[in-house]
Structure formats: structure tokens, C-alpha cells
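Peer 1: predicted model, plus sequence, below.
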Amino acid sequence: MNEKAYFSEQIRLYEQNIYGLALSILKNEHDAADVMQDAILKAYSSLHTLRDRRKFKSWILSIVHNTAIEHLRRQKPTIDIDEQYDLAAPEPTVDPETRHTVRAAIEQLSLAHREVIVLYYYENYSTGQIAEILDLPPATVRQQLFRARKALSKHLNKEDFDR
């Protein structure tokens, strides 16, 4: 399979993951789409640097992460509270109201905590893989995940789930 065909196939395969990560970082559908497009262009132009094709997903998500962070740095700090990202539920049996409650709680987390939560629970990456994507030591990722869970528990009250 030639490089173009391989790249196109991989992008189609991970398109939702790419968009989901960009959206979780940027919290804006339009910015996420722009960053997704930029990241795909960057990835295509540096495809020759990918040594192990089995690591394409983590490689492309690392590029998406870096591109989204660059985008945030260039932007003025504005937040549109009405914009919400739509990630797949951690479990398909979760009702929409609970999914909305969890999503709203995730949005209240800091960027670092949001990233590790999304990558760990929604993208099913290990802490080692997350460390590779975010270019952090694995111990730092574990610490951020611990703190993110703790922060989430403060945002999610038992009353939110009692019916």
C-alpha cells in the first residue's frame, strides 16, 4: 500500500478520535475542526518520521494535542459556555442525562485534567501511552489522573445520580 492510501485509511479510521481530542481541548466545534485539519496536514507532511506504523493513532493524537495547544496559545482567552463537545459515552448504557452531567463536570476541569480524563476514559489509552502523547513522564500523568478524578468527584455529587 502506498503512503497516500495508508495515510487516508488511517485518518478515516481515527477521524472521530482526532476530532474528539481537539474538541475536548478547545471546547469549540469550529476551532476543533480547524485544528483537526491543520494537524492532518502536519501529519501528512511529516509521515516519513513515523517509524512504527502500529503507533499511528498515538502519533497522530500527539500531533493533534500539540496543534490544539498551539492554537490555544495564539488565541485570546475566551470561552463560549454554550458550546459543548459530544464525546462518546464511557459506556453505551449510560442515559443521556447522566452523560450530560458527566460531560459538564469534565468541562469544569483544568485543561491538563480534561486531557488525561478524555485520553484515559474515552480513548482508552494507558497512562504510559498518554505520557507519550502529551510528552510527559508517566508519573506526572498518573498524578494528573489522580487529581483529575479527585476534582471530578467534587463536581459530581451523589445527588446528581440519585433518581
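Peer 2: In hand now; what should we look at? Every value quoted in this text rests on a predicted model; they were computed, and no experiment measured them.

Peer 1: can you show me the helices along the protein?
Peer 2: Under the criterion DSSP state H, helices of the chain are mapped to 3-26, 29-45, 56-74, 96-107, 111-117, 127-134, 138-155.

Peer 1: including mean pLDDT and mean neighbour count, could those helices go into CSV?
Peer 2: To be clear about C-beta, it is placed using only N, CA and C from the backbone, and glycine gets the same treatment. Shown next, in CSV, are the helices of the chain (pLDDT from 0 to 100; neighbours: other CB atoms under 10 Å):
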stretch, mean pLDDT, mean neighbour count
helix 3-26, 91, 18
helix 29-45, 93, 17
helix 56-74, 90, 19
helix 96-107, 82, 15
helix 111-117, 89, 20
helix 127-134, 88, 20
helix 138-155, 90, 15
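
Peer 1: who touches residue 140 in this structure?
Peer 2: By CB atoms under 8 Å, 6 or more residues apart in numbering, the contact list for residue 140 reads residue 131.

Peer 1: for the residue nearest the centre of the chain, which non-adjacent residue is closest in space?
Peer 2: The residue lying closest to the centre of the chain (CA atoms, centre = their mean) is residue 21, at 2.5 Å. Nearest non-adjacent residue to residue 21, counting by CB to CB, 6 or more residues apart in numbering: residue 64, 5.1 Å away.

Peer 1: likewise residue 147?
Peer 2: The shortest distance from residue 147 to any residue that is not its chain neighbour, by CB to CB, 6+ apart, is 6.4 Å, and that residue is residue 113.
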